[in-house]
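*Asks:* have a look; sequence and predicted model below, questions after that.
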Amino acid sequence: MFYLNINLYKSLSLTLALTVLTVLSNPVAATHYYVSPTGSDSNNGTSTSTPWMTIGQVNRFVFSPGDHVYFQGGQSFTGCVIFSNATNVPASSASTPFVVGSYGTGNATLLSNCPGTTNALVTIDGVSGFILAKLILSANGTATQFGVVVQNSATGTTASNIVVQNSDVSGFSGSEIEILGYALTGGYGNLDRIQILDNTLHGVNGPTSADANGITGYGYGQNITNVLYQGNTVYDLGGAASNVGGGIIANGVNGGVLRHNIAHDIGANSTSCGGPGGIWTYTSNHITIEYNEVYNVQPASSSQAVGSGGGGCDWVAYDLDGGVSNSVVQFNYSHNNAGAAWLAYTADVGAALWGNNTFRFNISEQDDYLNTSGGIFAFNKPSTNPLKFYNNTMYTTTHFASSTASTACFFQGYTSGAFPNGSVVANNICYNASTNQYGDARYFDTRDLISNLTINNNVYYGRPLSTSPSWAWNAVGYSTLAAWQAACSCDSNASTSNPNLVNPGSGGTLSWTPSLGNGPQPGPAGYQLQTGSPALSAGARIGGPPYTDYYQSALTSPNIGAY
């Protein structure tokens, strides 16, 4: 099912990307309007020699289907613009989209002059067939909350085929791009086929910028459908002290792919528990998070973390959060995040039940370095539907100066009882040489009385020799693998042998271009298995061949780890 959806979105992404390029270079028959600082609002606006002058004229004019509005490249325009089906864009469609962009040399800049908690520099309301591309959107030092809002205030209708692409959006306190299934102005019309592609979304004052989110929003239930958030670079989103935001979030979405994005330097200002995260989803269904890189999701100071008395937690890379179902996190890379690489917050939210979710073929390097999540993979017990975590590789050598137990590869807590049938943790490499000042370290740590979780074929390696517990089961620590296996009646095929990774710890920040979709693979190459590794062809079969590993190699026999 997941691969069927992935192929659908690959096709959809290519089609819409080509549509954007086509309408910007070879437009369909429609009227083109131009805006220039040297123009006049009394002009007809239909040529570069008779352009309009202001955003105000764009807001006042009533456009026909398929019309285009172009702002002069290299120039700046102050105001806030609204494109609404109820006012100035009464009709358009996917075949004749309304287009807003730049003309001439470079990209035009739109500067906000509308501060306020519910204002946006650009609002797209209820318009089907809309492309916003090649613009620079700035909060202009105001307190404007949103850069771009996509919404549909016409309850009972559907607005579809909306694209925001190749733009730079910065300085907005709430989010750079907000996707709303419940409009700011009231009304909860549906949104379908929303594409956020190849944008740069960021704060303007470094990692502690007040910007809280890159792409986010919320649905009315799950009335946002078939989204693609791809090729975006998101960074310097410090947020506020009470921060549950992050880089890219699908919220209230039914059907979505978050792919080939980079998110870094997120959550620097947070001092509260319950966020932030790099790329995650909440109360959503059928979400695929793949081929992303997330790093430096972290506080500005370690004193902000719970363990240091600061009250902050999470700072995770990837998260399938409350009310998420039928979703997968795969082929992603994360490194140097203060919290977990992967969080499975298995809470049900109203009628949105958590479960049937999978984390597979991902790589983590030096994550949870502040031990804010308790583990590189942090998870609770789902109530109804299973959790699957398999063929992931985790590497950490972070040492802690306090007596708090060091980060475990696996941390389960806060919910006792039997896991739903089909829940599995298997085929993972836990390379963990992290210890605290007393030499205490953990590989697998469960804090509650749990059962019915299949644990199999995992590798636990790297911890210095010590008599301190390395495994825990139901809050009891064990210093040997055999003692832990006996206690949990699990992982009978586990190994403590060196998995012979090519060069663990060498990943760092990769060099790739999200808009080209050329990464994060083939990096980081250091987590491939060398010839003769005991992890080769030693994994349990989950789901059946063919297997595609993190590096996109097809395998007929499963290994242990992401390679």
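*Replies:* That came in fine, so what should we check first?
*Asks:* and residue 378, how far from residue 313?
*Replies:* Using Cβ to Cβ, to the nearest Å, we find residue 378 at a distance of 10 Å from residue 313. The C-beta positions use only the backbone N, C-alpha and C, and glycine is treated the same way.
*Asks:* intersection of neighbour lists for these two?
*Replies:* residue 339 (Cβ atoms under 8 Å, 6 or more residues apart in numbering).
*Asks:* so between these two, which is more surrounded?
*Replies:* residue 378 (27 against 24; other Cβ atoms under 10 Å).
*Asks:* what's the more buried one in contact with, if anything?
*Replies:* Applying Cβ under 8 Å, 6+ apart, the residues near residue 378 are 316, 339-340, 342-344, 368, 411-413.
*Asks:* most neighbours out of those residues, which is it?
*Replies:* Going by other Cβ under 10 Å, residue 339 tops those with 34 neighbours.
*Asks:* centre of the chain to stretch 104-112, how far?
*Replies:* Distance, stretch centre to chain centre, for stretch 104-112: 28 Å (Cα atoms, centre = their mean, to the nearest Å).
*Asks:* so who does residue 343 touch?
*Replies:* 277, 280, 314, 316, 318-321, 373, 378-379.
*Asks:* adding distance to residue 236 and pLDDT, write the contacts of residue 378 out as a markdown table.
*Replies:* Formatted as a markdown table, those follow (distance: Cβ to Cβ, whole Å; pLDDT from 0 to 100):
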| residue | distance to residue 236 | pLDDT |
| --- | --- | --- |
| 316 | 18 | 97 |
| 339 | 18 | 94 |
| 340 | 22 | 96 |
| 342 | 23 | 98 |
| 343 | 22 | 97 |
| 344 | 28 | 97 |
| 368 | 22 | 93 |
| 411 | 29 | 93 |
| 412 | 33 | 94 |
| 413 | 32 | 87 |
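*Asks:* what is the subsequent helix or strand relative to the least confident helix or strand in the chain by mean pLDDT?
*Replies:* Lowest on mean pLDDT, DSSP states H and E among the helices and strands of the chain sits helix 2-25, with a mean of 38. Counting by DSSP states H and E, the element after helix 2-25 in chain order, helix or strand, is strand 32-35.
*Asks:* what comes up buried for that next one?
*Replies:* 33-35 (16 or more other Cβ atoms under 10 Å).
*Asks:* again, but for stretch 548-563
*Replies:* 549-551, 555, 558-563.
*Asks:* now, which of those sits nearest residue 249?
*Replies:* Within the buried residues of stretch 548-563, proximity to residue 249 (Cβ to Cβ) peaks at residue 550, which comes in at 23.7 Å.
*Asks:* three-state assignment of the spatially closest residue to that closest one that is not a sequence neighbour?
*Replies:* Distance criterion Cβ to Cβ, 6 or more residues apart in numbering; nearest residue to residue 550, sequence neighbours excluded, is residue 562 at 3.8 Å. What DSSP: H, G, I helix; E, B strand; the rest coil gives for residue 562 is coil.
*Asks:* I'd say residue 562 and residue 527 touch.
*Replies:* Yes - using Cβ atoms under 8 Å, residue 562 is in contact with residue 527, at 6.2 Å.
*Asks:* who touches both of those two?
*Replies:* 363, 393, 550.
*Asks:* so what's the second one bridging to?
*Replies:* Meaning residue 393. Here residue 393 sits in beta bridges with residue 363, residue 429, going by DSSP bridges.
*Asks:* could you measure it against residue 193, distance?
*Replies:* 35 Å.
*Asks:* those two: which is more packed in?
*Replies:* residue 393 (29 against 20).
*Asks:* for the more buried one, which residues are in contact?
*Replies:* 362-364, 428-429, 431, 501, 527, 550, 561-563.
*Asks:* output the residues you listed as JSON lines; include the columns distance to residue 244 and pLDDT.
*Replies:* Listed next are the contacts of residue 393 as JSON lines, based on distance: Cβ to Cβ, whole Å; pLDDT from 0 to 100:
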{"residue": "362", "distance to residue 244": "23", "pLDDT": "98"}
{"residue": "363", "distance to residue 244": "26", "pLDDT": "98"}
{"residue": "364", "distance to residue 244": "22", "pLDDT": "98"}
{"residue": "428", "distance to residue 244": "28", "pLDDT": "98"}
{"residue": "429", "distance to residue 244": "31", "pLDDT": "98"}
{"residue": "431", "distance to residue 244": "31", "pLDDT": "95"}
{"residue": "501", "distance to residue 244": "35", "pLDDT": "97"}
{"residue": "527", "distance to residue 244": "31", "pLDDT": "98"}
{"residue": "550", "distance to residue 244": "29", "pLDDT": "96"}
{"residue": "561", "distance to residue 244": "32", "pLDDT": "97"}
{"residue": "562", "distance to residue 244": "29", "pLDDT": "97"}
{"residue": "563", "distance to residue 244": "34", "pLDDT": "95"}
